[in-house]
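J.: Predicted coordinates and the sequence they were generated for:
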Amino acid sequence: METQIIKGNIISAPEFGKIDITENGYLIAEDGKIKGIYQKLPQDYENLKIEDYGDALVMQSFADMHLHAPQYPMLGMGMDMPLLDWLNTYTFPTEACFKDTEFARKTYHRLAGELAAKGTTRVCIFSSIHREATLILMEELENAGITGYVGKVNMDRNGGENYQETTEESISETIKWLEACSFEHIKPMITPRFTPSCSNELMQELGRIANEKKVPIQSHLSENTGELDWVKELHPDCKQYWETYRKYGLWNDKTLMAHCVWSDERERKGIKNAGVWAVHCPSSNENLVSGYAPVRMMLNEGLNVVLGSDIAGGDHLSMFKNITAAIRASKARRIMDNWKTDFLTVEEAFYLGTSAAAPFFGENPGFAPGNMLHAIVVEDGTLPMVRPLSVHERFERCVYRREHGGVVAVYSEGKKIYSK
Ligand SMILES: [Zn+2]
């Protein structure tokens, strides 16, 4: 058995809104699985090697539950456009470049390395429509030690001239792709881009495949008001956007829906009743002026809420930055709601970026015994100090202003995948 003993200030979010801190403690994993957190090293482990990080903070690593890998090269571009124009002007032409497998290899190698270095060890990620490039993305993530799900995007309408499949192609390529997936830690996910991109026939077939092969599903929901009107035109038989997914069997407790900015009480009930996961993407929603999602209402109503960077609608891969974006969005929402909804605290937002996704991956929140070891080690010693800070204060400051290079080690699935 391989034992890992990590020493430092251990910080985790075992419950929504709660942070556990063990100062100068020991985080022990056996064969990659967490055994426990200890204030004093148990006797049995006394003669084993310790990875001692001194005064550094040892925290849970992040889960980025919604991002677009082929938009990585256009990060930070076209930010003055609304969603539908942005898709046609920047997104679709960029994604079309991933037909070139060499370009895909180079770009995805870099993306996977950056995710690891930023402490994102779990992802649910959109690829492009290309089968080969999607397999390359999966391989690069696997090699970098990232875990989670990747989806070959399906779109047989409204993609423009160079970025669209026929319905038959979309279905047969998806089946071929699923058959070619054989990675240990990166699994496939059915990924209709969003309702306007997929014909009814395609949606029907994707629902059938997802249910037959027991593959999870990811897509977009109620991001922007123009999109809502468009979906209504396309599906006059559906009262609301979410019902276009439910109609085709794409709506269950393994479904991730990015955004849900404009999900009203009825739609939120539809999300809750099916156990669908709402992926809050605050940076993207602000950049594309989509709106402020009613996150506090969702949480109060018992919905599953997780966080996504949604690059390149979002402009940061760093989940520290997306966590603080979620806090700021919730403060804007509080103002919009006439001070009736509470904003997210640092502890709550940290939970959304880490522990909230644990059940999606079959684990428990926090550094729970039995979870695989997913952790980051952060040094904050170079930041100025007016007085000695408590570990809790350092945690808060670290979330808000972690400087580039602060992450000194990252563990994923029990393995150290990055060290500075
Ligand atoms: Zn998206």
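T.: Perfect, I can see it now. Numbers count the residues shown, from 1 in each chain.
J.: Spell out which residues sit in contact with the residue nearest to Cys281 when sequence neighbours are not counted, please.
T.: For Cys281, ignoring the flanking residues on the chain, the nearest one in space by Cβ to Cβ, 6 or more residues apart in numbering is Asp310 at 3.7 Å. Just so you know, the C-beta spots here come from the backbone N, C-alpha and C atoms, and that holds for glycine as well. By Cβ atoms under 8 Å, 6 or more residues apart in numbering, the contact list for Asp310 reads His66, Leu67, His68, Ala258, His259, Val279, Cys281, Ser283, Ser284.
J.: Which one of those sits in the busiest neighbourhood?
T.: Greatest neighbour count in the contacts of Asp310, by other Cβ atoms under 10 Å, goes to Cys281: 33 neighbours.
J.: Now do that one against Lys99, distance only.
T.: Distance of Cys281 to Lys99, computed by Cβ to Cβ, to the nearest Å: 27 Å.
J.: For Gly405, give me the pLDDT.
T.: Each residue has a pLDDT score; the one for Gly405 is 68.
J.: repeat for Ala368
T.: Note on Ala368: pLDDT of 98.
J.: which residues sit in contact with it?
T.: The neighbourhood of Ala368, defined by Cβ under 8 Å, 6+ apart, consists of Pro14, Ile34, Ala358.
J.: go on, Ala312?
T.: His68, Gln71, Tyr72, Met74, Leu75, Gly76, Met77, Tyr90, Thr91.
J.: contacting residues for the second one?
T.: Spelled out, that is Gln71. Thr91, Thr94, Glu95, Ile311, Ala312, Gly313.
J.: try it again with 6 Å
T.: Counting by Cβ atoms under 6 Å, 6 or more residues apart in numbering, Gln71 touches Ile311, Ala312.
J.: Assign it to helix, strand or coil.
T.: Classification of Gln71 by DSSP: H, G, I helix; E, B strand; the rest coil places it in helix.
J.: Buried residues in the helix or strand of the chain with the lowest mean pLDDT, which are they?
T.: Ranked by mean pLDDT, DSSP states H and E, the weakest helix or strand in the chain is helix 83-86, scoring a mean of 84. Within helix 83-86, the residues that qualify as buried by neighbour count (16 or more other Cβ atoms under 10 Å) are Leu83, Leu84, Trp86.
J.: Can you pull the residues of this protein lying near the ion?
T.: Contact residues (Cβ under 5 Å from the ion) of the chain with the ion: Ala258, Asp310.
J.: Show me the chain divided up by domain.
T.: For the chain, the structural domains run 3-61+365-419, 62-353, going by automatic domain parsing.
J.: most tightly surrounded among these?
T.: Comparing these by mean neighbour count (mean count of other Cβ atoms under 10 Å), domain 62-353 comes out on top with a mean of 21.
J.: returning to what we had before: among the contacts of Asp310, name the ones in strands.
T.: Counted as lying in strands by DSSP state E, out of the contacts of Asp310, are His66, Leu67, His68, Ala258, His259, Val279.
J.: List the residues that contact Val407.
T.: If you count contacts by Cβ under 6 Å, 6+ apart, then Val407 has Gly119, Ile376, Val378 around it.
J.: Let me know whether Arg334 touches Thr341 as I believe.
T.: Yes. With contacts counted by Cβ atoms under 6 Å, Arg334 reaches Thr341, the gap being 5.4 Å.
J.: give me every residue that touches the closest residue to His259 other than its chain neighbours.
T.: Once flanking residues are discounted, His259 sits nearest to Glu223: 4.0 Å by Cβ to Cβ, 6+ apart. If a contact means Cβ under 6 Å, 6+ apart, then Glu223 has His259, Val261, Ser290 as its contacts.
J.: one more time with 8 Å, if that's ok
T.: Residues in contact with Glu223 (Cβ under 8 Å, 6+ apart) are Leu83, Phe194, Ala258, His259, Val261, Trp262, Asn285, Leu288, Ser290.
J.: Do you have the helices of this structure handy? List them.
T.: For the chain, the helices defined by DSSP state H occupy 83-86, 92-96, 101-117, 131-144, 167-180, 200-213, 225-234, 242-246, 265-274, 282-287, 295-300, 319-336, 346-353, 391-401.
J.: residues touching the residue nearest to Glu396 when sequence neighbours are not counted, list them.
T.: Closest residue in space to Glu396, ignoring its immediate chain neighbours: Val346 at 5.0 Å, by Cβ to Cβ, 6+ apart. Listed by Cβ under 8 Å, 6+ apart, the contact set of Val346 reads Ile323, Ile327, Phe395, Glu396, Val399, Tyr400.
J.: how close does Gly406 get to Gly17?
T.: For Gly406, the distance to Gly17 - Cβ to Cβ - is 24 Å.
J.: Tell me the spacing between the residue nearest to His259 and Phe98.
T.: Going from Glu223 to Phe98 by Cβ to Cβ gives 22 Å.
J.: The nearest residue to Ile376 once chain neighbours are set aside: what's it in contact with?
T.: Closest residue to Ile376 apart from its sequence neighbours, by Cβ to Cβ, 6+ apart: Gly119 at 3.8 Å. By Cβ under 8 Å, 6+ apart, Gly119 lies in contact with Ser61, Phe62, Met319, Ile376, Val407, Val410, Tyr418.
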